[in-house]
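[1] Generate a structure from the sequence data that follows.
(3 chains)
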Amino acid sequence: MGMASINAQAAGKIELSDTSWVSVGAGVRVAGIYSDEGAPDGDSSLDFDTQNIRLYVNGQVAENIGFTFNTDEIFADGPVDVLDAFVSFSVNEQVNFHIGRHLVPADRIEMNGPFYGLTWNQYTQPLYASDQVDVAGTYGRDDGATFWGKTGKFQYAIGIFEGLSGDGTANQGDSPLMAARFAYNFLNMEDNPAYYTSSTYFGGLGDIFTVALSLQSQSDGVGTEESPGDFSGYTVDVLYEKALSSGQALTVEAEYKSFDSDYEGGSPSDPTNFGLFDGESYFLSGAYLLPGDGMGRFQPYLRYVENSPSNFDSSTLTEAGLNYIIKGHNAKVNLNFASGDANISGYKGQDTNSISVGFQLQI
Amino acid sequence: MGMASINAQAAGKIELSDTSWVSVGAGVRVAGIYSDEGAPDGDSSLDFDTQNIRLYVNGQVAENIGFTFNTDEIFADGPVDVLDAFVSFSVNEQVNFHIGRHLVPADRIEMNGPFYGLTWNQYTQPLYASDQVDVAGTYGRDDGATFWGKTGKFQYAIGIFEGLSGDGTANQGDSPLMAARFAYNFLNMEDNPAYYTSSTYFGGLGDIFTVALSLQSQSDGVGTEESPGDFSGYTVDVLYEKALSSGQALTVEAEYKSFDSDYEGGSPSDPTNFGLFDGESYFLSGAYLLPGDGMGRFQPYLRYVENSPSNFDSSTLTEAGLNYIIKGHNAKVNLNFASGDANISGYKGQDTNSISVGFQLQI
Amino acid sequence: MGMASINAQAAGKIELSDTSWVSVGAGVRVAGIYSDEGAPDGDSSLDFDTQNIRLYVNGQVAENIGFTFNTDEIFADGPVDVLDAFVSFSVNEQVNFHIGRHLVPADRIEMNGPFYGLTWNQYTQPLYASDQVDVAGTYGRDDGATFWGKTGKFQYAIGIFEGLSGDGTANQGDSPLMAARFAYNFLNMEDNPAYYTSSTYFGGLGDIFTVALSLQSQSDGVGTEESPGDFSGYTVDVLYEKALSSGQALTVEAEYKSFDSDYEGGSPSDPTNFGLFDGESYFLSGAYLLPGDGMGRFQPYLRYVENSPSNFDSSTLTEAGLNYIIKGHNAKVNLNFASGDANISGYKGQDTNSISVGFQLQI
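    Numbering: from 1, shown residues only, chains lettered A, B, ... in the order given. This next block holds a predicted model:
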């Protein structure tokens, strides 16, 4: 694995001129999941799930002017949905813009997306408004504009977005959602497109130690038209990776998240009565990439998540997994065991044990 | 800008043989819009909008036999929707066919689509049935067959389509929609794929003066099952472009539209009670492309629209805009101010002032 | 037509390395259909229909590891829907896997899909659960895993799928759907991707005689939560093709299908009250490919279908058609006359006569 291509998904590119091109790629994540109480009648279940199927269409129209059009199957089985749809302008390393539907600056697991995580089940924590399907953005994307870049070892992304908006929502005055992410690379620089992240580089970038702070807030960003509330949240995330001999690597990842939602009740799926998690959440993951000369290499990992809503019981989830890395984030197989009562809502759910075998491919 | 490529969106092409190929391209239009009364509570608003995100997949399977598959995000945020899905046969310049879901022959702003217009906000006038979302076609497309071609300076397109149809609609006898467009190029020929149009060639085609007549009609094309009505409409559109020294160009565009709908009431979005505009509408636009040696060139413009329904008040809209043309219709930035009470319904709306900054890219 | 490429749809391929590539292709089927009683008021109708519009995105990420992402317009006019979304692993000719949303092993007309059939209207018979739109799979696809391969002249595909599943369905215990297809090629081998089929090779593979058995079953695969029933079905299909002088070919195709559904009533479109056909069905088709030196060659055919539900009247449909084969399954025109009262439900419908002109292109 050469360093340059470690986290580039290598789509097929068609050159049109010296300064213009279009590329086509795709990504798929499928899994078979055994759950000890997953059947409707409470018995065990075996389910197959196409978790992501993405089409990547990117292009550069002129020097420093490009677009990104990605799709996924978001809302349910069936439709191909628009994931990203934005134009990008690059002035230099310090000054870049994304305009349109694009990733809202946030914590690392959001900037990874599902394809660049360390662990298979990243989204077992409460998420920002932009990742509540179809109310104030979807899959972490929203319509807006982001200024991003880096200077030295400091990376930044500051954006303004729609957030919760529209008739019947709490946001009658059309307040924007403000979002920012600031990261400092104490050791080597992480290397990803734009302000995106990965939670492992498989040791290929050498030693990494990055600390990031992300912030989001929106006035009248939760609640109902009659009873609007403000939302603000922040996240601190840390990635440490140590490259060892024979291509081995130790990776440690952690996030602490604090959400302050001035509205109790509501639902993340109801725009007219929109509720977000209020409280704290954190996770800690550790992984070790083993040496190997075969088709792939093993990367066992352990992850622990705890979600603590302000006025309800805490919940936890432990995931013990084994990645089989064939071609970085572009081809891997995952086996994981998960046990606990924590989930994406942030509120305590059924205590479940599950075994999942997953396959991830990208091109 | 060479003449040959002026209005060709230059998708990435993969040759399969001497006579077959497939190409992939995309188009995106995003805008940030300030409106003085756009918030739900009547205050000012700032909104971001992904107005179009298109995937273009075209191919030639054998000599003179090809297909077009284009998508857009039509119905709401989220799904990728089928825009065009047709096969095409070319016998010669005079004799060509499109069969499947394709553009219904109509007036210039419809044949431009959003990407080849002169002004940013073309669709502030009442439109034909095929551009009433999902009732009798979408975005100007419908299922049908069109015969098209040109002879000398005369261009023609004559089609038969489904139009309003199906159980519960006014059209119990399954009458087809007939549509035609006839254009005469008094000066140089306009140069676009098939019977499509553009409202500016940035002076690249020399002097243009084209007058076109388009007609559409469908028996039982409006109303309800119990009270069906006939629809017919015609449009005259004119494009004048004068190429001047130093690459400058003067462009004048105008349309006059007259719709005769034998049914009062109903809605353009209700197939069982389908209503279309009845009355007249016109617009006049003028633009001037300035010289320039930089990254792009400025093209200020002015547009005035007036919609006059038969039995209701007239409404008007004035748009003053500035295009910044980086790469023809493939890369441009737009700034516009719009003021007035006219909109796509044809009926008087709220009097609004807005400022929009838009970005358009295609490849 | 060389043998190697007969049934390969030749998508545009972009090589990324010696072992990885991505390809993009598309398929479209459109038709104009005259029906003697097709209008809502019972009069004759002329309809245009975009029957299929597919995007094919395939890739190989590493040696023997690939993915397939295909779309179609399944549920209604408009959205682009996910058809196939799976990863594939090939160990050798004997051992291969598809995991994700993929084709459930079944009878030949399902393994053909609409693009590789002999006759235009294949789906006038009752189909398995995976081809009942959006309840237990769509267009013959479902989430699951299939092991497939061939040894000598014997081909096999054995899969496990979700089938009918979820809260509120008959399948409270989350029983899987089991599906298998076994085919023996008595003469030359059929040549298609994976375990897919075609119903004609236009004589290009020489003499073909294949007999196949397919089986599907699911406990609690029909009915309601309160009154679940088991489903099982089997199909025997036969293809015979004789290559004759001057490129002529005789093709005979037949299927016999027997469905045993332990639940009466319900509907194939209602997951909480899911009913499938119970009874027998068969069809017999014969075709003759004529010689020719022009752009294409004629292939007249005749097809007879009979559906016999256990407790209702039988119905039949006769189709007389003429294919005009321009480029195998990649470019053809079809004219057919159909007369009868059989349809995809398996239950007797209105007796209708129709004439259809269809166009099929793939790349």
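[2] in what helix or strand does the most centrally placed residue in chain A lie?
    Central residue of chain A (Cα atoms, centre = their mean): A:Glu110, 2.4 Å from the mean position. Assigned by DSSP states H and E, A:Glu110 belongs to helix A:108-112.
[3] Please work out the average pLDDT along that helix.
    The average pLDDT within helix A:108-112 is 97.
[4] Check which helices and strands that helix is in contact with.
    strand A:228-243, strand A:249-261 (3 or more Cβ pairs under 8 Å, 6 or more residues apart in numbering or on different chains; DSSP states H and E). (C-beta placed from N, C-alpha, C; glycine too.)
[5] Save the ones you listed as TSV, and put in mean neighbour count, mean pLDDT and distance to C:Val30 too.
    Below are the helices and strands packed on helix A:108-112 laid out as TSV (neighbours: other Cβ atoms under 10 Å in any protein chain shown; pLDDT from 0 to 100; distance: least, Cβ to Cβ, whole Å):
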stretch	mean neighbour count	mean pLDDT	distance to C:Val30
strand A:228-243	21	98	49
strand A:249-261	20	98	51
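[6] Kindly reformat those strands as TSV containing distance to C:Val28.
    Shown next, in TSV, are the helices and strands packed on helix A:108-112 (distance: least, Cβ to Cβ, whole Å):
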stretch	distance to C:Val28
strand A:228-243	46
strand A:249-261	46
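[7] Need the ones you listed in JSON lines (columns: distance to chain B).
    Formatted as JSON lines, the helices and strands packed on helix A:108-112 follow (distance: least, Cβ to the nearest Cβ, whole Å):
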{"stretch": "strand A:228-243", "distance to chain B": "11"}
{"stretch": "strand A:249-261", "distance to chain B": "21"}
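[8] For the residue of the stretch 201-350 of chain A found nearest chain B, give me its contacts.
    Distances between the stretch 201-350 of chain A and chain B by Cβ to the nearest Cβ are smallest at A:Glu225, namely 7.9 Å. Counting by Cβ atoms under 8 Å, 6 or more residues apart in numbering or on different chains, A:Glu225 touches A:Gly168, A:Thr169, A:Ala170, A:Gln172, A:Thr272, B:Pro40.
[9] now the helix holding A:Glu110, how far from the centre of its chain.
    Helix A:108-112 has its C-alpha centroid displaced from the chain centroid by 3 Å (Cα atoms, centre = their mean, to the nearest Å).
[10] List of residues touching that helix?
    So helix A:108-112 is contacted by A:103-105, A:117, A:122-123, A:125, A:127-128, A:131, A:140, A:181, A:195-199, A:212, A:237, A:239, A:253, A:255 (Cβ under 8 Å, 6+ apart).
[11] With only the CA atoms kept, save that helix in CSV.
    C-alpha atoms of helix A:108-112 as CSV (Å, rounded to 0.1, in the frame of the first residue of the first chain):
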residue,chain,number,x,y,z
ARG,A,108,-14.7,12.2,13.2
ILE,A,109,-17.2,9.4,12.8
GLU,A,110,-19.3,11.7,10.7
MET,A,111,-16.3,12.9,8.6
ASN,A,112,-15.3,9.2,8.1
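[12] so after that helix, what's the next helix or strand?
    strand A:141-151.
[13] Quick one: the strands in the stretch 1-150 of chain A, in order.
    Taking DSSP state E, counting those that start in this stretch, the strands of the stretch 1-150 of chain A run over residues A:12-15, A:21-35, A:45-62, A:65-72, A:81-90, A:96-103, A:141-151.
[14] is it possible to export those strands to JSON lines including mean neighbour count and distance to C:Asn311?
    Listed next are the strands of the stretch 1-150 of chain A as JSON lines, based on neighbours: other Cβ atoms under 10 Å in any protein chain shown; distance: least, Cβ to Cβ, whole Å:
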{"stretch": "strand A:12-15", "mean neighbour count": "19", "distance to C:Asn311": "54"}
{"stretch": "strand A:21-35", "mean neighbour count": "22", "distance to C:Asn311": "38"}
{"stretch": "strand A:45-62", "mean neighbour count": "22", "distance to C:Asn311": "34"}
{"stretch": "strand A:65-72", "mean neighbour count": "24", "distance to C:Asn311": "45"}
{"stretch": "strand A:81-90", "mean neighbour count": "23", "distance to C:Asn311": "43"}
{"stretch": "strand A:96-103", "mean neighbour count": "25", "distance to C:Asn311": "53"}
{"stretch": "strand A:141-151", "mean neighbour count": "21", "distance to C:Asn311": "52"}
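[15] now those in a markdown table, with distance to chain B?
    Below are the strands of the stretch 1-150 of chain A laid out as a markdown table (distance: least, Cβ to the nearest Cβ, whole Å):
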| stretch | distance to chain B |
| --- | --- |
| strand A:12-15 | 3 |
| strand A:21-35 | 4 |
| strand A:45-62 | 4 |
| strand A:65-72 | 5 |
| strand A:81-90 | 4 |
| strand A:96-103 | 4 |
| strand A:141-151 | 4 |
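[16] among those strands, which gets the worst mean confidence?
    Of all these, the minimum mean pLDDT falls on strand A:12-15 (a mean of 90).
[17] What strands line up against it, and which way round?
    strand A:21-35 (antiparallel) (DSSP bridges).
[18] ok, back up a step: redo the strands of the stretch 1-150 of chain A as CSV? Include distance to C:Ala136.
    CSV is the format used below for the strands of the stretch 1-150 of chain A (distance: least, Cβ to Cβ, whole Å):
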stretch, distance to C:Ala136
strand A:12-15, 35
strand A:21-35, 17
strand A:45-62, 13
strand A:65-72, 23
strand A:81-90, 22
strand A:96-103, 33
strand A:141-151, 31
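[19] Now the buried members of the contacts of A:Glu225.
    A:Thr169, A:Ala170, A:Gln172, B:Pro40 (16 or more other Cβ atoms under 10 Å in any protein chain shown).
[20] And the residues you listed, which is closest to chain C?
    For those, the minimum distance to chain C (Cβ to the nearest Cβ) is 25.4 Å, reached by A:Thr169.
[21] The closest one against A:Phe274, yeah?
    Yes: taking contacts as Cβ atoms under 8 Å, A:Thr169 lies within contact range of A:Phe274: 6.7 Å.
[22] Hey, what's the angle from the helix or strand hosting A:Gly358 to strand C:81-90? Just curious.
    Secondary structure assignment for A:Gly358, by DSSP H and E: strand A:352-362. Computed by axes from the mean of the first three to the mean of the last three Cα atoms, to 10 degrees, the angle separating strand A:352-362 from strand C:81-90 equals 90 degrees.
[23] now stretch A:76-84: how far from the chain's centre is it?
    Counting by Cα atoms, centre = their mean, stretch A:76-84 comes out at 17 Å from the chain centroid.
[24] mind checking the end-to-end distance for that stretch?
    This stretch, stretch A:76-84, spans 18 Å end to end (Cα to Cα, to the nearest Å).
[25] Tell me the confidence at the residue of the stretch 201-350 of chain A found nearest chain C?
    Residue nearest to chain C within the stretch 201-350 of chain A: A:Ala331 (4.7 Å; Cβ to the nearest Cβ). Predicted confidence (pLDDT) for A:Ala331: 96.
[26] Look up how far B:Asn307 lies from it.
    Here the distance between A:Ala331 and B:Asn307 works out to 57 Å (Cβ to Cβ, to the nearest Å).
[27] Give me the neighbour count for A:Ser175.
    21 (other Cβ atoms under 10 Å in any protein chain shown).
[28] can I assume it sits in a strand?
    No: under DSSP: H, G, I helix; E, B strand; the rest coil, A:Ser175 falls outside any strand and is assigned coil.
[29] wait, doesn't it sit right on A:Ser217?
    No: if you go by Cβ under 8 Å, A:Ser175 and A:Ser217 don't touch, sitting 9.5 Å apart.
[30] Low-confidence ranges, the stretch 201-350 of chain A, go.
    For the stretch 201-350 of chain A, no stretch is flagged by pLDDT under 70.
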